[in-house]
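Asks: Predicted model and sequence follow; I will ask about them next.
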Amino acid sequence: MTTELTVLALGAVLLLAHIMLAVHYKTKQYGKDWNMGARDEDLPPLNPIAGRLERARDNFAETFPVAIVALLGIALTGKANALSEVASIAWLAARVFYLPLYWTGVPKVRTLVWGVGLLALVALLGVLLFAPVQAGPPA
């Protein structure tokens, strides 16, 4: 399996972690009845930790489709190269570090880490769009 596909699978695991953490802290605040109910009622604002985890999840969910297109596209077209490997690992690492930074409310560094992830995504899209197909089957 290519590095890009491995990172894609690990990205899916990270998405599940985002979802489970956000809903766990939201359930701690609103209760199990809310979690198992229709969730139609108006609720007070989330506490800071639950709110940050929900925003971190939303942020990941907004950018993960771009990663899916880039990583899967690179793997399917046989365009994997050294840049795509480094960029895919950098994207995943940035997204892994982003979660605890947002969770704990660390400003500025969190934004810098997000920027690293974004640059890695742009590099991956560049590989997908402009890199030549590698000779032989994808690794």
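Replies: Ah, there it is.

Asks: Where in this protein is the helix or strand with the lowest mean pLDDT?
Replies: Lowest on mean pLDDT, DSSP states H and E among the helices and strands of the chain sits helix 32-36, with a mean of 94.

Asks: outside of that helix, which residues touch it?
Replies: 23, 26-27, 41, 43 (C-beta atoms under 8 Å, 6 or more residues apart in numbering). Where C-beta positions appear, they are placed from N, C-alpha and C, glycine not excepted.

Asks: one more time with 10 Å
Replies: 23-24, 26-28, 41, 43 (C-beta atoms under 10 Å, 6 or more residues apart in numbering).

Asks: Out of the residues you listed, which end up buried?
Replies: K26 (16 or more other C-beta atoms under 10 Å).

Asks: The contacts of helix 32-36 in helices, which ones?
Replies: 23-24, 26-28 (DSSP state H).

Asks: what's the closest of those to N81?
Replies: In terms of C-beta to C-beta, no member of the ones in helices among the contacts of helix 32-36 lies closer to N81 than V23, at 38.2 Å.

Asks: Show the contacting residues for that closest one.
Replies: Contacts of V23 (C-beta under 10 Å, 6+ apart): 35, 50, 53-54, 57.

Asks: pLDDT score for R39?
Replies: R39 is assigned 89 on the pLDDT scale.

Asks: Let's verify it: helix, strand, or coil?
Replies: coil (DSSP: H, G, I helix; E, B strand; the rest coil).

Asks: can I assume it is in contact with G31?
Replies: No: here R39 lies out of contact with G31, judged by C-beta atoms under 10 Å, at a distance of 11.4 Å.

Asks: Which residue is the nearest non-sequential neighbour of the residue nearest the centre of the chain?
Replies: Central residue of the chain (C-alpha atoms, centre = their mean): F60, 4.1 Å from the mean position. In space, F60 comes closest to H18 once its chain neighbours are excluded; the distance is 5.0 Å by C-beta to C-beta, 6 or more residues apart in numbering.

Asks: immediately after the longest helix along the chain, which helix or strand?
Replies: The longest helix of the chain (DSSP H) is helix 48-77. Next in sequence after helix 48-77, counting helices and strands by DSSP states H and E, comes helix 82-103.
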